[in-house]
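**Student:** Need a 3D model of the following:
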Amino acid sequence: MKKIRAAIASKNPAKINAVSSVIANLELSVDLSAIDAESEVSAQPFSQQETRQGAVNRASNALGDYDFAIGLEGGVYEMEGVLYLCNWGALAAKDGRLFTAAGAQIPLPEEIASKLHTGIELGPVMDDYANESGIRQHKGAIGILTGGFVNRGEMFSHVVKLLIGQYQRDSD
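**Tutor:** Just a heads-up that it's a prediction; the model follows:
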């Protein structure tokens with residue numbers, strides 16, 4: 001079996017764990033490397049489009065000589081006056097194919113949304129809101145907002161499954 005060389009375009013433990021846990025369940029031999037790749041979007045993406053573009057840029061910037069690279073990006077967007085949490089993923093393949101997928105979305109409490117509108121990033125806002133530190137590295141905003149029913153790694157794992165599913169379908 002050919003060993004696939006893949007990259008996760010992040011050093012964030014929640015994102016690395018999301019990708020590695022999905023890959024561990026595949027019937028593939030994958031050598032996964034964590035690459036610190038730039039999103040080339042705002043530190044706090046503020047639309048579905050910007051969040052998706054951040055994931056695409058991360059995957060493309062991490063690809064290098066790998067068979068494929070996965071970029072994951074969290075952001076927020078406004079709909080009907082309510083600010084929502086969103087997340088996007090992209091898988092860039094060395095043959096030029098690009099796959100994207102989005103995952104869970106949940107409204108943010110006004111207390112959090114109002115701080116984001118002042119220009120503060122979600123990570124520090126959530127740390128303050130939950131009186132914890134490093135939330136983006138493990139449970140994420142989604143973990144706080146769902147009372148622990150869904151954490152950031154699980155949320156991104158779902159997106160990774162969508163990406164790898166498209167990649168495998170398109171490779172047959």
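
**Student:** Name the residues of the helix or strand harbouring Q168 that are buried.
**Tutor:** Secondary structure from DSSP states H and E places Q168 in helix 152-171. Neighbour-count burial for helix 152-171, counted by 16 or more other Cβ atoms under 10 Å, picks out 152-164, 166-167. No exception for glycine: its C-beta is placed from N, CA and C like everyone else's.

**Student:** and of those, the nearest to L122?
**Tutor:** Distance to L122 across the buried residues of helix 152-171 (Cβ to Cβ) is lowest for R152, with 11.1 Å.

**Student:** what's around the closest residue to that closest one other than its chain neighbours, how many residues?
**Tutor:** Ranked by Cβ to Cβ, 6 or more residues apart in numbering and with sequence neighbours excluded, the top spatial neighbour of R152 is G140, at 2.7 Å. If you count neighbours by other Cβ atoms under 10 Å, G140 ends up with 27.

**Student:** is it true that D36 touches A7?
**Tutor:** No: if you go by Cβ atoms under 8 Å, D36 and A7 don't touch, sitting 10.4 Å apart.

**Student:** Settle it for me: which of those two has more neighbours?
**Tutor:** Neighbours per residue (other Cβ under 10 Å) separate D36 from A7, with A7 holding more: 26 against 11.

**Student:** That one: what secondary structure?
**Tutor:** strand (DSSP: H, G, I helix; E, B strand; the rest coil).

**Student:** Ok, L91 next?
**Tutor:** Classified using three-state DSSP, L91 is strand.

**Student:** Please list all residues in contact with the residue nearest to I106 when sequence neighbours are not counted.
**Tutor:** Nearest in space to I106, with sequence neighbours left out and distances taken as Cβ to Cβ, 6+ apart, is L85 at 5.1 Å. Counting by Cβ atoms under 8 Å, 6 or more residues apart in numbering, L85 touches 74-76, 104-108, 122, 141-142, 145.
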